[in-house]
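Sequence first, then the predicted structure, then my questions.
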Amino acid sequence: MMKKNSGFTLIELLIAMAIFIILIAATARLFITTAGQFKQQSKITETYIEGVIGFEQLRLDIKNAGYGLPWNLNSASYDEAFNDAATPHDDTLLNNTPGVVNTITAVPRAFVSLNNAGLNGSDILSIKAINVAINDASQKWTRVGFGDSLITDARLRGLSGSNFDNNDPVIVLSPGSTDLDSRLLINTVYPTGAPTRYSAAAAPTDLYTTYIVYGIAPQSATNIRMPFNRADYYVRTPGTMPTQCAGGTGILYKATVNHDGVVGGGGLTEHPIIDCVADMQVIYRLDMNDDETIGTISNADGTAITSTEGETTATVSAALADPKQIRDYLKEVRVYILAQEGQRDTRYTFPDATVTVGDVALGQVFDFAASGIANWQNYRWKIYELSAGPTNLK
C-alpha cells in the first residue's frame, strides 16, 4: 500500500496568506497612526516649551521696562535706532521722536509701539531699559556716595550677585530730590565718545548725593549710542522658516539695538523667541485719573480705546507719547500671540475661519485665508495671553 502524503492545499495557503496580510496591514496602520500622533504630540510639547521660555523672556522685559532710564538728560543728545533693512518696518518709528535718527534729546519712553505695522497686521513693541540687553554688564548696578571708591567701596546691589568687572561700560545717574530732576543723567557724550567705564566713572563730588551706576554694554564696546538699552519685539518671516510652520506665518523676534555709536550704523541683533506665529497684538491698561483702578484700555498706539474715565483717543495717544505720563498712568501691558501648535495634521480641521486676537474692541479679527496662511484648516491654533505689570517705571 502506498503511504498518503500530508500537507496544505493551495486554498489553505491562500487563506493563511490573506489573514497574514490583513494582520500586517492593520498593525502597520496602527503603527503609522501611533507614530503620527506621537510626532504631533511631540511638536505640540516642543511648541509649549518654546512658548513658556519665550513668554517668560517677554514678561521679564515688560516688568523691567523703565529700569535705569534717565528722566532728565542734562542736555545730552543721542542717536537711537537706524532703520535695519531686515525688519518689516522702519525702526526709527520706535525712536522717542518718530522718524528722527540724529541728536534726539527727548527723554526715553519705557514703551513705544506700532499698531498693525508687522507681518499680517501684527503690532510691534519696543521696550527700553538697561537690562533688556543680553550681556553681563547690563544686569549689574551699584550705589556710590561721596568719598566712595568705585572699586573698593561701591559694592554691587543688583541682579547678578557679583560686582562690576573693571572697565565695564556704565552710565551714572543722580536720583535728585524732586520729580523734575530725578534720575539726572551725568554722562553726556553720545554717541561717538568713549564710554564711561566702571573704574573711571565720575567720582561723586556732592556730599549729599548718592549716585547710581548702571552697566550698559560689554567691555568690547568702544562707543555707546544711547544711555539705555532697547529691545524690539516683532513678527517677521525670515528667508528660511522651520519646516513645520504653516506658510504665511513668521517668527517672533527679540531684537536688541547695537551700541556701536557709528552714525548710520548700529542695526539690530535678532534673537528668535517663538516659531510659527501668525499675529501679535499689544494692549495697554491705564489708570488715567489716579484712583488706583484701571479705567482706560488702549491698543498699541492709542487710536482705539475703551474708557470709564472720560478719556479720548487724543488724550490716550498723548499719554503714550509722553515718558512721564507712561510712568504715572500705565499699570499693565497685555500681549496676545496667535501661534501654531504642533505640525500640520490632514485629519484635523480647525473650526474657525477667523479668531479675535486681543480684546474684542481693541485687538484684531484675524482672517486666516485673507492673511495668506496656507492650509490653515489643518493646523491647531492657539491664542496665548501674557499679562505683566511694569515694576520699574518709578
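Thanks, I have the structure now. Numbering: from 1, shown residues only.

In terms of secondary structure, what does the helix or strand containing A318 contact?
Element membership for A318, per DSSP states H and E: helix 313-320. The contact analysis (3 or more C-beta pairs under 8 Å, 6 or more residues apart in numbering; DSSP states H and E) places helix 313-320 against strand 268-286, strand 296-298, strand 305-307, helix 323-329. Any C-beta I mention is one placed from the backbone N, CA and C, and that applies to glycine too.

give me every residue that touches G54.
The contact partners of G54, by C-beta atoms under 8 Å, 6 or more residues apart in numbering, come to 252, 273-274.

Next, format these as TSV and append distance to D123, pLDDT and neighbour count.
Output for the contacts of G54, formatted as TSV (distance: C-beta to C-beta, whole Å; pLDDT from 0 to 100; neighbours: other C-beta atoms under 10 Å):
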residue	distance to D123	pLDDT	neighbour count
L252	11	95	26
I273	15	92	21
I274	15	92	25
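
coming back round to it: for the helix holding A318, report the contacting residues that lie outside it.
Taking C-beta under 8 Å, 6+ apart as the rule, helix 313-320 contacts 109, 111, 113, 284, 286, 288, 296, 298, 301-305, 307, 325-326, 329.

Out of these, which end up buried?
Neighbour-count burial (16 or more other C-beta atoms under 10 Å) is assigned, among the contacts of helix 313-320, to 109, 111, 113, 284, 286, 288, 296, 298, 301-302, 304-305, 307, 325-326, 329.

D260 versus the residue lying closest to G267 once chain neighbours are set aside, what's the distance?
Sequence neighbours aside, D84 is the residue nearest to G267 in space, at 4.9 Å (criterion: C-beta to C-beta, 6 or more residues apart in numbering). Distance of D84 to D260, computed by C-beta to C-beta, to the nearest Å: 12 Å.

between those two, who's got more neighbours?
Shown here are D84 and D260; by other C-beta atoms under 10 Å, D84 has more neighbours (19 against 15).

List the residues that contact the more buried one.
So D84 contacts 91, 255, 267-268 (C-beta under 8 Å, 6+ apart).

Phi first, then psi, for it.
Backbone torsions of D84, given as degrees, to the nearest 10, read phi -100, psi 120.

residue ranges with poor pLDDT in the stretch 51-200 of the chain?
Applying pLDDT under 70 to the stretch 51-200 of the chain flags residues 51-52, 101-103, 146-162, 177-181, 200.

rerun that using 80 as the cut-off
Scanning the stretch 51-200 of the chain for pLDDT under 80 picks out the ranges 51-54, 75, 85, 98-105, 144-163, 176-182, 189, 191-193, 199-200.

And the strands in it, which stretches?
For the stretch 51-200 of the chain, applying DSSP state E, counting those that start in this stretch gives strands covering 111-114, 124-129, 141-144, 170-174, 184-185.

All set, thanks.
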